[in-house]
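Visitor: Could you work out the structure for the sequence below:
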Amino acid sequence: MVLLKSSLTCILTLLSTSFAANATQVVDLGYAKYQATLDASANVTNFLGIRYAAPPVGKLRFQAPKPPLVQPGIQMANVQPVGCPQAGTGDLSTNPFRGLKKRQSSGEIEDCLMLNVHVPGTVNPRAKMPVIFFIHGGGYEAGTTAGESGADLIREAGGGIVAVEAEYRLGIFGFLAGEEIKKNGALNAGLLDQNAVLEWIQKFIHLFGGDPEQVTIWGESAGAGSVLQHLVAHRGNTQPPLFHRAMTSSTFLPNQYNFNDPVPEFLFSETARLAGCANVTNTFDCLIAVPPAQLQDINVEVCGNGFSGTFLLVPVVDGEFIVERPITTLSTGRLNSKTILMVENTDEGSPFVNVNVTAQLTLQQYVTALMPQFNSAQIDLITNLYKGLGSTVFEQASLVMGDSIFVCPTYTLLNSFQGTAHKGMFAIPPATHGFDVQFYFPGNNTPAFANPQFDASFAGAFTAVIKFGDPNIHPVSNVITPNWPVFKAGNPGIEMRFNRTEGGQPDIRTFTTDPQQVARCDGNASWSVVLLFPQEHSSWDEVDRKSIRLPAAPRCAFMNDQWGRSKLTWNAVGLHHVLQYDILNRLPARLRKLRFQAPQPPLVQQGIQLANTQPAGCPEAGEGVLITNPFRGLQKKRKRQQNTEIEDCLMLNVHVSGPINSKARMPVVFFIHGGGYEALSTAGMSGADLVKEAGGGIVAVETEYRLGVFGFLPGAEVKKKGALNAGILDQQAALQWIQKFIHLFGGDASRVTIWGESAGAGSVLQHLVAHGGNTQPPLFHQAMTSSTFLPNQYNFDDPVPEFLYNEAVRLAGCTNSTDTFECLVNLNAGELEGINVAMCENGFSDTFLLVPVVDGEFIVERPVETILKGRLNARTLLAVTNSDEGFIFVNSTFTGEMTVEQYVAGLMPQFSQAQVQLVADMYKNIGLETVFDQADKIMGESIFVCPTYTLLNAFQGTARKGLFAIPPGTHGSDVGFYFPGNGVPAFPNPQFDASFAGAFTGVVKFGDPNFHPVPNVITPEWPVFRAGFPGVEMLFNRTEDFQPDIRTFSTDPKLLARCEVWKSLAPFIPQ
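Guide: Residues are numbered from 1 along each chain as shown. Model (predicted):
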């Protein structure tokens, strides 16, 4: 009886403890109760999307943040909050401005003032753990908390801290200045949002187990600039104190004007003009009444009209929160923190300098455009300071940009923390601005230099400051950082460099600050004279008001989403069956109500289904055939639906090595066919070939997905009532199917490689960037691309997608319907297929129109934006291109009647005359004599080759690049070597076949093309591709006497230079 009573007591104690632990996951803030989710794998409790202020909408637009509204019931804090409306950098080669328009992504809303809290384990209000508040970057005009989760910081700290990150207003919404804002609203609203978060932390963080007396503030880029603003807020005397330590990564300090200086006043007036509020009696109230989407258009236009690589809507001196220019306060040593840790990258400037712009300027002209407030003496001073540094204007301009707004402000801030600051330098190549972020927030990705000791030492320095106030007291073991001395101004400064050796080992050591760098920042002929101390040390006020080069009224310009448009081709080969499960009905017929919707779970089927017939492809269309662009009078051609193409087409095939063994746990490859998102099917691309080439031991899957109008009809109506990018969502459904069912076929769901060719490779790219590069749970782990296809990718409601939707409606006779979407849904399948063909054929010659769009949910932003952030849904990449990707997409008849300028203008109707001429001249000067040859290169490099290199650069140290050159080496020539079926490849050589196709199956099986799954391989060691170094690739070719020619080679630097130009043109696609 005593034993029973003791057992009952123990059980009741355990139950009560369990209930208490669960109860603590709901935190009552007084105005709302929030329920968290526990990430058991990381042992972190996440509160996502807590309101810290009232929605800044309506009358609260342009106002200081107000207390959050009361919300009844329990709020689920389990969804990553959307970012505040975004804009971007200036992109003009001259200063003044020109126009730019972009529709607001649906993922960005004005009601955005949310924060996230991350707690180790379960919430314990008595824990009193140190707190870190991280502020994202983005030039005060872009950026979100997505991809920068405090859960990473908790892991790096070994637990024992509470992490907070928050959204804050950006661009016009957060930093519109001028007398009218001062009089009627709040200046620096975005900074005041951050300040409200710090006040929220002081009031509520104890409920999460945080200690409000141990708060560290940290930010990157504009987030680090925000830290600087909070350090000098209220002249460095904020009361009561809101934080106690500070850390910055790439401190960003652009020109900070007084709120009523000419530039802020011009920006306010220009906003009012674009909003139609210029001549009203109350401009402020008029701006308050502007619809959010319209104001977002203006936001992008104004932000885009600065000089190349600069930001316009940034903090100002408001006289209340920021009482004086930050440098003035810094010079007094009065700051809102006692200690600071500061890190910069070795190359802060180059990402903000356009190589094409600098190619047209002298250094003096660049400085003049970058600093329109400078007088001629100041321009000459800076020009002379940098003209001996670097051999090109681009290199010199990169130093000017980096020193002026990142490096020198960092040293100035350091000097204000005499004896209580530490300075670091991040130097892992290429060490450009923002490259360090992946080491703080790796998420599920692998950093460019994946070394546990380096990770523990670098990220651990920051978490050591959070926990102990000193980067030398490491919170985790395995640290190899030597003693890190404080940085002392007036002495040779000692810093810590975080680098790697050429052999790939960590290289972490102290070094003395470059005295020439110090001289540029602090000397008599330096930034300290002309920029950092504008009032006390120069006639800055006079320069501000008399020499400012004010912009003219903006002219219409265009924003380039991506890399162009094109069509695809293929090699159809026979079938070679191993063990096939064809026509696996993973999705139901989309008859009527499921047309244009996201794929739904498959219907239950009674009995045994015979999986022995190759499924019919989804309805196909074709490429554009017109010689002019943009679109004119779409032809009302009709083509009856072929019997082999049915709308009920969502099937997949599974191929298994030998008989099924559900316990085999074999690697899985998921192959996506090409066809420009408008054509083709899995026929002729059987995974049985891949199983054979791998020597068995893998499971291969390929799938049909919706194409053309059926899979990629865009527009606001589709967003509202259906699903955008339905064809991509079909592919995702196949990946989810693999996760759920592939084990039944002997596959290992944790070892999935995604691979595609042409538009299939473009699809791989879309899945790599899906959900901002953070798909959860992960659906694949490795990626391979053959001819990565990236055409123009518009926002779903941009003019071109809306035109395509309206044209489909017109051709369907639905224009006058009260519900055009419903009318399209009820259309006969054969008639819709006729419209599909008519629309797809009415693009410019050999281009594709119905392709993926930025939908704001699955594809959150333009793919290149995510790629450049390095956030991707895979750890490794193998990418192969053909030596002549463009040839088959260029019509020799058309180009025989054109100049190259006319071809570029037709291919890229969004380009300005100057941009057309830039591209034309670039390709006329590389030794190509005919317009056809020039057009061939333009087409191939703009949408296949250059996107491939951009993607490769995001996989620093974990990617490999190959070039297929078996003559003719045209787009699609490689397909016959992956899928020979019963046919014979163009170069039938067993050693070549084993080496080329075996590289892909080597990645599938072992994660490395150097581990060959079959013998008889002659490929040499295949090194990783590293950006910033001479890129090394593998050439797959044959000799003139038909022997395999497989060897490494260095990437053509001229090709990479052309790709940089294409990347620089990315902001100029039409809106």
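Visitor: Could you check how far Ala421 is from Thr346?
Guide: 19 Å (C-beta to C-beta, to the nearest Å). In short, each C-beta sits where N, CA and C put it, glycine included.
Visitor: the more surrounded of these two?
Guide: Ala421 (20 against 17; other C-beta atoms under 10 Å).
Visitor: So for the more buried one, what pLDDT did the model give?
Guide: On the pLDDT scale, Ala421 is placed at 94.
Visitor: Now do the contacts for it.
Guide: Thr339, Ile340, Leu341, Met342, Leu414, Val486, Phe487 (C-beta atoms under 8 Å, 6 or more residues apart in numbering).
Visitor: Show me how far whatever helix or strand the fifth one lives in is from its chain's centre.
Guide: Element membership for Leu414 (DSSP states H and E) is helix 408-415. Relative to the mean C-alpha coordinate of its chain, helix 408-415 is positioned 30 Å out (C-alpha atoms, centre = their mean, to the nearest Å).
Visitor: Near Val355, how many other residues are there?
Guide: With other C-beta under 10 Å as criterion, Val355 counts 18.
Visitor: Identify the residue spatially nearest to it, adjacent ones excluded.
Guide: Leaving out its chain neighbours, the residue that sits closest to Val355 by C-beta to C-beta, 6 or more residues apart in numbering is Phe394, at 5.0 Å.
Visitor: On the three-state scheme, that neighbour is what?
Guide: Using DSSP: H, G, I helix; E, B strand; the rest coil, the structure places Phe394 in helix.
Visitor: thinking it is in contact with Gln360, fair?
Guide: No. If you go by C-beta atoms under 8 Å, Phe394 and Gln360 don't touch, sitting 11.0 Å apart.
Visitor: Between those two, which is the more surrounded one?
Guide: Neighbour count, other C-beta under 10 Å: between Phe394 and Gln360, Phe394 has more, with 21 against 14.
Visitor: Where does pLDDT dip in the stretch 801-950 of the chain?
Guide: 841-846 (pLDDT under 70).
Visitor: how about 80 then?
Guide: 830, 838, 840-847, 891-897, 909-910 (pLDDT under 80).
Visitor: Can you show me the strands along it?
Guide: 876-882 (DSSP state E, counting those that start in this stretch).
Visitor: burial count for Ala377?
Guide: When counting by other C-beta under 10 Å, one arrives at 10 neighbours for Ala377.
Visitor: mind listing what the residue lying closest to Met342 once chain neighbours are set aside touches?
Guide: Using C-beta to C-beta, 6+ apart and skipping the chain neighbours, the partner closest in space to Met342 is Thr248 (4.9 Å). Neighbouring residues of Thr248 by C-beta under 8 Å, 6+ apart: Trp218, Gly219, Glu220, Ala224, Val227, Leu228, Ile340, Leu341, Met342, Val343, Thr410, Leu413.
Visitor: switch the cut-off to 6 Å
Guide: Ala224, Val227, Met342 (C-beta atoms under 6 Å, 6 or more residues apart in numbering).
Visitor: quick one, what contacts the first one?
Guide: Looking back up the chat, that one is Ala224. Thr248, Ser249, Ser250, Thr251, Phe252.
Visitor: Make sure Leu295 is indeed in a strand.
Guide: No. Going by three-state DSSP, the assignment for Leu295 is helix, not a strand.
Visitor: Just the pLDDT at it, thanks.
Guide: 92.
Visitor: Relative to Val718, how far out is it?
Guide: From Leu295 across to Val718, the span is 24 Å (C-beta to C-beta).
Visitor: same check, this time on Phe441
Guide: From Phe441 to Val718 the distance is 33 Å (C-beta to C-beta).
Visitor: try Leu242
Guide: For Leu242, the distance to Val718 (C-beta to C-beta) stands at 46 Å.
Visitor: Please tell me how far the residue nearest to Met342 sits from Gly219.
Guide: 6 Å.
Visitor: so what sits against both of the two?
Guide: Residues touching both Thr248 and Gly219 by C-beta under 6 Å, 6+ apart: Val227.
Visitor: and Val119, that one's in a strand?
Guide: Yes. Under three-state DSSP, Val119 falls within a strand.
Visitor: Can you give me the neighbour number for it?
Guide: Val119, neighbours per other C-beta under 10 Å, totals 29.
Visitor: Can you give me every residue that contacts it?
Guide: With the criterion set at C-beta under 6 Å, 6+ apart, Val119 makes contact with Thr45, Val162, Phe208, Gly209.
Visitor: Extract the CA atoms of stretch 942-949 and return them as PDB.
Guide: Extracted in PDB, the C-alpha atoms of stretch 942-949 (Å, rounded to 0.1, in the frame of the first residue of the first chain):
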ATOM      1  CA  SER A 942      21.200  35.600 -70.600                       C
ATOM      2  CA  ILE A 943      18.800  32.800 -69.600                       C
ATOM      3  CA  PHE A 944      21.000  29.600 -69.200                       C
ATOM      4  CA  VAL A 945      24.700  30.200 -68.700                       C
ATOM      5  CA  CYS A 946      24.700  33.300 -66.500                       C
ATOM      6  CA  PRO A 947      21.900  32.100 -64.200                       C
ATOM      7  CA  THR A 948      24.000  28.900 -63.700                       C
ATOM      8  CA  TYR A 949      27.000  30.900 -62.500                       C
END
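Visitor: what comes up buried for it?
Guide: Ser942, Ile943, Phe944, Val945, Cys946, Pro947, Thr948, Tyr949 (16 or more other C-beta atoms under 10 Å).
Visitor: Distance from the chain centre to it, please.
Guide: How far stretch 942-949 lies from its chain's middle: 16 Å, per C-alpha atoms, centre = their mean.
Visitor: May I ask which of the contacts of Val119 has the most neighbours?
Guide: Most neighbours among the contacts of Val119, by other C-beta under 10 Å: Val162, with 30 neighbours.
Visitor: how much space between the closest residue to that residue other than its chain neighbours and Asn499?
Guide: Counting by C-beta to C-beta, 6+ apart, Val162 lies nearest to Gly210, which is 3.8 Å off, once chain neighbours are set aside. According to C-beta to C-beta, Gly210 stands 34 Å off from Asn499.
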